[in-house]
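Chemist: quick one: sequence and predicted model below, then my questions.
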Amino acid sequence: METDTIRKGIICHLSDDPVEIAGTVDKETGNATYRIAIVPDELTVVENNDSQNGHGFLWLSVALAVVAAVLFAVKYLLKKNRSNDVKVKTAVQEKSLRQELLKHKGIYKSFCKKGYFSTVRKNKLAVVEESEINELCDAVSEIFPTFVEFLNSHGLSAKDYQFCCLLKSGLTTFELSEIYCVSESAVFKRKQKIKELTDFKSDKRTLDAIFEEI
């Protein structure tokens, strides 16, 4: 089918933007076909480009803000972890230092001479006097003031307080049973009682482990 373009040009004022109209005619039938299209002017094109650029800048700003927030969060977490590591390391060093101070006490050495604080379990240990027990408790209260504050805050009896100080000094269940002339099961039951009195009843750790952290 042969066609000829019969009109093509710019027609203004038919809309807010210039309008282009073009037409073709079929030579056989004489029928004409027209096409109308709105042609944006240069100002509209510029405004659209500015709008696209503005949106691009906005998204770029948002992306940069998100990246900055993520970097800040990562930096904060790293700083917090380093701070926690320092605190844990300091606490471990302080605990080791206090234990060393206790070992240098004369009463601690006296217990060692009688067979206590030994890594090797002996069949029978020497008897210790009540005064020696109290002296060891005094040494513990002097070197571990935070631990003593913890005990005092729970209103323990004098006997329970003494038992806790001996346990804090590092004496084993067997050694405590020798000091108090009772069975190891009796010492274990007393530990369970102390856990209840100090609000650690539901804690799965042993009383020895709990006291190591205080």
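Modeler: It's in.
Chemist: what packs against the strand or helix carrying residue 165?
Modeler: Taking DSSP states H and E as the criterion, the element that holds residue 165 is helix 158-168. For helix 158-168, the packing partners by 3 or more Cβ pairs under 8 Å, 6 or more residues apart in numbering; DSSP states H and E come out as helix 130-143, helix 145-152, helix 173-180, helix 184-197, helix 207-212. From N, CA and C alone the C-beta is placed, and that goes for glycine too.
Chemist: and the contacts of the first one?
Modeler: Residues from elsewhere that reach helix 130-143 (Cβ atoms under 8 Å, 6 or more residues apart in numbering): 98, 101-102, 105, 107-108, 110-111, 147-148, 161-162, 165-166, 168-169, 179.
Chemist: which of the helices and strands packed on helix 158-168 is buried the deepest?
Modeler: Most buried of the helices and strands packed on helix 158-168 by mean neighbour count (mean count of other Cβ atoms under 10 Å) is helix 173-180; its value is a mean of 19.
Chemist: pull out the CA atoms of that one and give them to me as PDB.
Modeler: Taking Å, rounded to 0.1, in the frame of the first residue of the first chain, the C-alpha atoms of helix 173-180 are listed here in PDB:
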ATOM      1  CA  THR A 173      35.000 -29.900 100.100                       C
ATOM      2  CA  PHE A 174      37.300 -32.600 101.600                       C
ATOM      3  CA  GLU A 175      39.400 -30.000 103.400                       C
ATOM      4  CA  LEU A 176      36.300 -28.300 104.800                       C
ATOM      5  CA  SER A 177      34.900 -31.700 106.000                       C
ATOM      6  CA  GLU A 178      38.200 -32.300 107.800                       C
ATOM      7  CA  ILE A 179      38.100 -28.800 109.500                       C
ATOM      8  CA  TYR A 180      34.500 -29.200 110.600                       C
END
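Chemist: what angle do the helix holding residue 165 and helix 184-197 make?
Modeler: 110 degrees (axes from the mean of the first three to the mean of the last three Cα atoms, to 10 degrees).
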